[in-house]
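Engineer: structure of the sequence below:
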Amino acid sequence: MDENNSMTKVLITGATGNIGIEVLSALQKLDHQLEIYAGVKDTAFGNEKLSNFNMKTIKFDFMNIETFLPALENFDMLFLLRPPQISDVKKYFAPLIDIAKKSSIKHIVFLSVQGVENSKIIPHHKIEKLIVDSKIPYTFLRPAYFMQNFTTTLRNDLVKNHRIYLPAGQAKFTVIDAEDIGSATAQVLIEPQNHINKSYELTNNETLSFAEMADKISKGIGKTIEYISPNLLQFFLTKRKENMPAMLILVMILLHYFPRFQKTPKTTEWVKIITGQAPKSFDNFVLANKNQL
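Structural biologist: Take a look at the predicted model:
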């Protein structure tokens, strides 16, 4: 809070995306003293998803460094995520964190990923380092595998071909519902003083292979969903044929193939500790999203 007791101003980046919307929904349900702004590419168009929320919009575009300072200058907190299409940390995130240092930002809540500390190869690792080096107080939220991947990136294959086609073998994954990420983020934004320079891995209580997830989805929607684990070349060529950008295919390989050679990640209690609510199960997710699967 400012000395003159004005409201704490929070900038939410990626506000119209999966997680951004869940953060705004969670904040809407809670009693708080925050003034919330959604950072959007264009304040005039394309923000229909935001019309139900009690907040203002401000121009902020990850791809346009000119928008950084005007968006950050009078803000106290920043909720930061990495848009999937941006992997060049040096080009976009280094200037952003640099500008945050010169602005009034007193706390950055960054949406990272579980296991980031052991994976120097992913962009989140470098972004976390930039934030730590900036000396701005931070909270790192490190979620497990998003259940919502089934209603976004993986949905087409699921609906059209009744399959999950990923090079994940029998690797087991921890999972999390985007709604639980939103709830945890909202609590951190409302009481940042309790979460200064902390990192939290956000998972539910299950560890599942994709064969088990396919099984749960099949039962939940009453249709057989097959899980196929191709080799890397098959996977790459299939996805190229579907016009998936090469960079995104590499991210998919990173996410699904490399876990085969790592220890199974651990589940944590952080969602319950931070929000007071038990995290949603995979079956809950399937039930809630039945009409999209």
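Engineer: from here on, contacts and neighbour counts on C-alpha atoms
Structural biologist: Fine.
Engineer: strands of the protein, start to end?
Structural biologist: For the chain, applying DSSP state E gives strands covering 8-12, 34-40, 56-59, 77-80, 107-111, 138-143, 145-146, 163-165, 172-176, 198-202, 207-209, 226-228.
Engineer: need these in TSV with mean neighbour count, can you?
Structural biologist: Listed next are the strands of the chain as TSV, based on neighbours: other C-alpha atoms under 10 Å:
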stretch	mean neighbour count
strand 8-12	23
strand 34-40	22
strand 56-59	18
strand 77-80	22
strand 107-111	24
strand 138-143	23
strand 145-146	19
strand 163-165	20
strand 172-176	24
strand 198-202	19
strand 207-209	17
strand 226-228	19
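Engineer: export those strands as CSV, with columns for distance to Ile86 and mean pLDDT.
Structural biologist: Written out in CSV, the entries for the strands of the chain read as follows (distance: least, C-alpha to C-alpha, whole Å; pLDDT from 0 to 100):
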stretch, distance to Ile86, mean pLDDT
strand 8-12, 17, 96
strand 34-40, 16, 95
strand 56-59, 18, 94
strand 77-80, 13, 98
strand 107-111, 14, 98
strand 138-143, 18, 98
strand 145-146, 18, 96
strand 163-165, 24, 98
strand 172-176, 23, 98
strand 198-202, 23, 98
strand 207-209, 28, 98
strand 226-228, 29, 98
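Engineer: tell me which of those strands sits nearest to Lys263.
Structural biologist: strand 172-176 (9.0 Å; C-alpha to C-alpha).
Engineer: CA atoms only for that closest one, dumped as PDB, please.
Structural biologist: The C-alpha trace of strand 172-176 is given here as PDB (Å, rounded to 0.1, in the frame of the first residue of the first chain):
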ATOM      1  CA  LYS A 172       3.700 -39.900 -14.800                       C
ATOM      2  CA  PHE A 173       2.700 -36.300 -14.500                       C
ATOM      3  CA  THR A 174       1.400 -34.100 -11.700                       C
ATOM      4  CA  VAL A 175      -1.600 -32.100 -12.800                       C
ATOM      5  CA  ILE A 176      -3.500 -28.900 -11.900                       C
END
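Engineer: could you give the angle of it to strand 198-202?
Structural biologist: Computed with axes from the mean of the first three to the mean of the last three C-alpha atoms, to 10 degrees, the direction of strand 172-176 lies at 110 degrees from that of strand 198-202.
Engineer: pairing partners for strand 172-176, with directions?
Structural biologist: In the sheet, strand 172-176 lines up against strand 145-146 (parallel), strand 207-209 (antiparallel) (DSSP bridges).
Engineer: run through who's touching the shortest one.
Structural biologist: This means strand 145-146. Under the criterion C-alpha atoms under 8 Å, 6 or more residues apart in numbering, residues Phe173, Thr174, Val175, Ile176, Asp177, Ala178 lie in contact with strand 145-146.
Engineer: mind putting the strands paired with strand 172-176 into a markdown table with distance to Ala26?
Structural biologist: Supplementary listing: these in a markdown table, determined by distance: least, C-alpha to C-alpha, whole Å:
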| stretch | distance to Ala26 |
| --- | --- |
| strand 145-146 | 17 |
| strand 207-209 | 25 |
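Engineer: now do stretch 222-240: distance to the chain's middle.
Structural biologist: Here stretch 222-240 shows a centroid-to-chain-centroid distance of 24 Å under the convention C-alpha atoms, centre = their mean, to the nearest Å.
Engineer: got the CA coordinates for that stretch in CSV?
Structural biologist: Coordinates of the C-alpha atoms in stretch 222-240 are reproduced here as CSV (Å, rounded to 0.1, in the frame of the first residue of the first chain):
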residue,chain,number,x,y,z
GLY,A,222,-18.6,-42.0,-22.6
LYS,A,223,-16.4,-42.3,-25.7
THR,A,224,-13.2,-44.2,-26.1
ILE,A,225,-10.1,-42.0,-26.2
GLU,A,226,-7.0,-43.8,-27.3
TYR,A,227,-3.5,-42.8,-26.0
ILE,A,228,-0.7,-43.2,-28.6
SER,A,229,2.9,-42.4,-27.8
PRO,A,230,4.8,-41.9,-31.1
ASN,A,231,8.5,-41.7,-31.5
LEU,A,232,9.9,-38.1,-31.8
LEU,A,233,10.2,-38.2,-35.6
GLN,A,234,6.7,-39.4,-36.1
PHE,A,235,5.4,-36.8,-33.6
PHE,A,236,7.3,-34.0,-35.3
LEU,A,237,6.1,-34.9,-38.8
THR,A,238,2.5,-35.4,-37.8
LYS,A,239,2.4,-32.0,-36.1
ARG,A,240,4.1,-30.3,-39.1
